[in-house]
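Asks: Below: sequence and its predicted model.
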Amino acid sequence: MQTRKRTKIVATLGPASNDLATIQQLIEAGVSVFRMNFSHGTAADHQQRATLIRQAATALKQEVAIMADLQGPKIRIARFKNKQVTLHVGQSFILDADFANDAGDEQQVGIDYKNLPQDVTIGDKLLLDDGRLVFVVEKVAVNKVFCIVEVGGILSNNKGINKLGGGLTAEALTEKDKEDMKTAIKIDVDYIAISFPRNAQDMHHARELMQSWGGNADLVAKIERAEAMDVLDDIIRASDAVMVARGDLGVEIGDASLPAAQKLIIQRARILDKAVITATQMMESMIENSIPTRAEVFDVANAVIDYTDAVMLSAETASGKHPVEVVKAMVRICIGAEQDPTTQVSKHRVECEFQNTSETIAMAAMYAANHYDIKAIVALTESGATPLLMSRIKTGIPIYAFSSSVKTLRKVCLYRDVYPVSFSLQNIDNNNVYDHVVTVLQQNKLINRGEKIIITCGDLVGVHGATNGMKIITIT
C-alpha cells in the first residue's frame, strides 16, 4: 500500500489562499482541516471561503473539515496619535481605561479591556506585543495602571497585553464571538475553536450556547492562558479537542516552560481520548522563504513524535508567499518523523480496565493489529467514536473510518492515523457487509490480495450504537 502521512495538517485560509485553485492545491498537497480565523473578515467572507472549500473537496472527491476559530477576548492597548512610540527602560508609562482611543503618546495610552486595573496589583508584570515589551505595575489608581518599563522598544497600535502567570478575568466568549458562532453554525463548520478558556465552565457555556442555536460542531479548547494549565484535565474533558496555542500561552507561562507544557497537553489529551492540535509559528520563516529552517523542521517533527493529531499553519498559508510549498514541506517532515519506531509501538492501556464495550473492542483491535500481520483497520462507524479511540494508540497501520455520515467523515479528518471513506449500506444485507467492505477497499486501492485486515462494527450496522464486534479477514 502507498505510504501516506498519518499526522493531519490544519491550514489557515487568508488573502494568499482565498481562491478555488489554491484551495484545491492545498488539499492535494495534504491539508485535512481548513481553519477560518474569525479575528479577520466578515460573515460573508467566511461563507464564501466555506463554499470554496466544499467545492474544492467535492471536485477532488475528498472530505476535509472546516474549523472556525473565534477571536476571544483580545486584551489590547488602543492607538497612538502617531501610530507608534518608542519606550525606554526605566521610564514611566500609564495604561488608562478612560483615555481616548486615538490619543496615545510616550506617556500613556488607552486600553480596550476596561477591567485591567481591577485585575492587576503592584509588582505584576505585563507583557505587550507577544512579550517584546515588559511593564512592571508600580501603582493602580481607579482606572489607571501606572507602570515602569522593564523591557523597552517600539510599541504600536492595538498590541496585545498578557499578564505573566495569568489572572486576567476576561470572559472567554465576547459578544463578537457569540455572533461569529452563529455564523459558524450557519456555515455548518465541523469544529469551533474557543479562545482563552479559563476553565471547564467556559467550554460548557460555549457548548450550551452553540446547541441552543442549533449547532452540532465539535469544540476545540485553545490552551493559551496560564491558569488553564492548572485545570487542564477538566478543560480537556469538557472539549472535543484541544489546541496547544503556543503564542499567548508562551507569553503567560514563559518560553522556558512552554516545551514541557506542550508535551503535557498532548499526553493528557490522548490519555483522555481527545484530539490535539499543535499550533503557532511552526513554519514561520516560510511566510517569506521557500524552505523551512532546521529549527522548524525539528519543531514539527518533535510534535509528530510526541503523537499530536495535527500540526497547524497560520500566517504561513493565510498570507505567506508559498502557501502550497509550506504544506508540502510540512508533509515531508511529518512522514519523516513518522518513521521513528516510537510512533508505531504502544504499551498504552495494556494494564487498564476499559470503561465500555466500544473502548474494549477498539483497544482489542489495536492490540491485535500491532501484534499480528495486519495491513489495515476498518471501523464501521456512525459517530466516529470508535476510530477516535483507536487513534489514541500508537500504530503504523492505517485506520479507515467507514461511514455514511458526511459529518462524521469530516470530523475524523482531524484524527491521527484515521482516513475517512464514504460507505453506504443501502440495499446491502447485514450478511454481506464484510464483503462490501472488502470491495470498497479494493476499489480505492487501499488493500492488496493476500493481506489481512481487521473490521469492527456493531450488531446493527448503519445504526448509532456501541461497537461490539471485530473480525479478521484475509483478502482473497
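Replies: Now that the structure is in, tell me what you want to look at. Nothing here was measured: the structure is a model prediction, and the numbers come from that model.
Asks: in the sheet, who's paired with residue 469?
Replies: residue 457 (DSSP bridges).
Asks: Mind listing residues that contact the helix or strand residue 209 falls within?
Replies: For residue 209, the host element (DSSP states H and E) is helix 200-212. Helix 200-212 is contacted from outside by 171-173, 178, 181, 185, 192, 194, 197, 216-217, 219, 221, 231, 234-235, 237-239, using CB atoms under 8 Å, 6 or more residues apart in numbering. Using the backbone N, CA and C atoms, a C-beta is placed for each residue, glycine as well.
Asks: contacting residues for residue 71?
Replies: 38, 39, 174, 176, 177, 180, 195.
Asks: what about the helix holding residue 209, distance to the chain center?
Replies: Centre-to-centre, helix 200-212 and its host chain are 18 Å apart (CA atoms, centre = their mean, to the nearest Å).
Asks: And stretch 376-396, by the same measure?
Replies: The answer for stretch 376-396 is 19 Å, by CA atoms, centre = their mean.
Asks: Give me the mean pLDDT for it.
Replies: The average pLDDT for stretch 376-396 rounds to 93.
Asks: Over to stretch 109-120?
Replies: 94.
Asks: Pull up the distance across it, start to finish.
Replies: One end of stretch 109-120 to the other measures 17 Å (CA to CA, to the nearest Å).
Asks: Just the buried positions in that stretch, please.
Replies: 109, 110, 111, 112, 113, 115, 116, 117, 119, 120 (16 or more other CB atoms under 10 Å).
Asks: need the contact list for the nearest residue to the fourth one once chain neighbours are set aside.
Replies: Using CB to CB, 6 or more residues apart in numbering and skipping the chain neighbours, the partner closest in space to residue 112 is residue 76 (5.2 Å). For residue 76, the set of contacting residues under the criterion of CB under 8 Å, 6+ apart consists of 111, 112, 113, 158, 159, 160, 161.
Asks: What is the nearest of these to residue 476?
Replies: residue 160 (61.0 Å; CB to CB).
Asks: Can you give the distance from stretch 231-241 to the centre of its chain?
Replies: 13 Å.
Asks: for it, which positions count as buried?
Replies: Neighbour count says stretch 231-241 has 232, 235, 236, 238, 239, 240, 241 buried, by 16+ other CB under 10 Å.
Asks: Nearest to residue 457 among the residues you listed?
Replies: residue 240 (23.0 Å).
Asks: Can you verify my assumption that that closest one contacts residue 219?
Replies: Yes - counting by CB atoms under 8 Å, residue 240 touches residue 219, with 5.3 Å between them.
Asks: what residues do these two have in common as contacts?
Replies: Joint contacts of residue 240 and residue 219 (CB under 8 Å, 6+ apart) are residue 191.
Asks: which helices and strands does the longest helix belonging to the chain pack with?
Replies: In the chain, with assignment by DSSP state H, the single longest helix is helix 43-60. When contacts are defined as 3 or more CB pairs under 8 Å, 6 or more residues apart in numbering; DSSP states H and E, helix 43-60 packs onto helix 20-29, strand 31-37, strand 65-69, helix 175-187.
Asks: List the contacts of the second one.
Replies: The list of residues contacting strand 31-37 from outside it, by CB under 8 Å, 6+ apart, reads 8-14, 23, 26, 46, 49-50, 53, 64-69, 189-191, 193, 310, 312, 314, 318, 327, 413-414.
Asks: From the structure, what's the count of residues near residue 247?
Replies: Residues lying near residue 247 (other CB atoms under 10 Å) number 17.
Asks: which other helices and strands contact the helix or strand hosting it?
Replies: Per DSSP H and E, residue 247 falls inside helix 246-253. Applying 3+ CB pairs under 8 Å, 6+ apart, one finds that helix 246-253 contacts strand 161-163, helix 258-271.
Asks: what do you get if the cut-off is 10 Å, keeping everything else the same?
Replies: Using 3 or more CB pairs under 10 Å, 6 or more residues apart in numbering; DSSP states H and E, the elements in contact with helix 246-253 are strand 125-128, strand 161-163, strand 218-223, helix 258-271, strand 275-279.
Asks: Can you add distance to residue 469, mean pLDDT and mean neighbour count and give these back as CSV?
Replies: Below are the helices and strands packed on helix 246-253 laid out as CSV (distance: least, CB to CB, whole Å; pLDDT from 0 to 100; neighbours: other CB atoms under 10 Å):
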stretch, distance to residue 469, mean pLDDT, mean neighbour count
strand 125-128, 54, 96, 21
strand 161-163, 51, 93, 23
strand 218-223, 26, 98, 26
helix 258-271, 25, 97, 18
strand 275-279, 25, 98, 27
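Asks: quick one, what contacts the residue nearest in space to the middle of the chain?
Replies: For the chain, the residue nearest the mean C-alpha position is residue 277 (3.8 Å; CA atoms, centre = their mean). For residue 277, the contact set (CB atoms under 10 Å, 6 or more residues apart in numbering) comprises 8, 10, 33, 35, 67, 191, 193, 220, 222, 241-245, 265-266, 269, 303, 308-312, 414.
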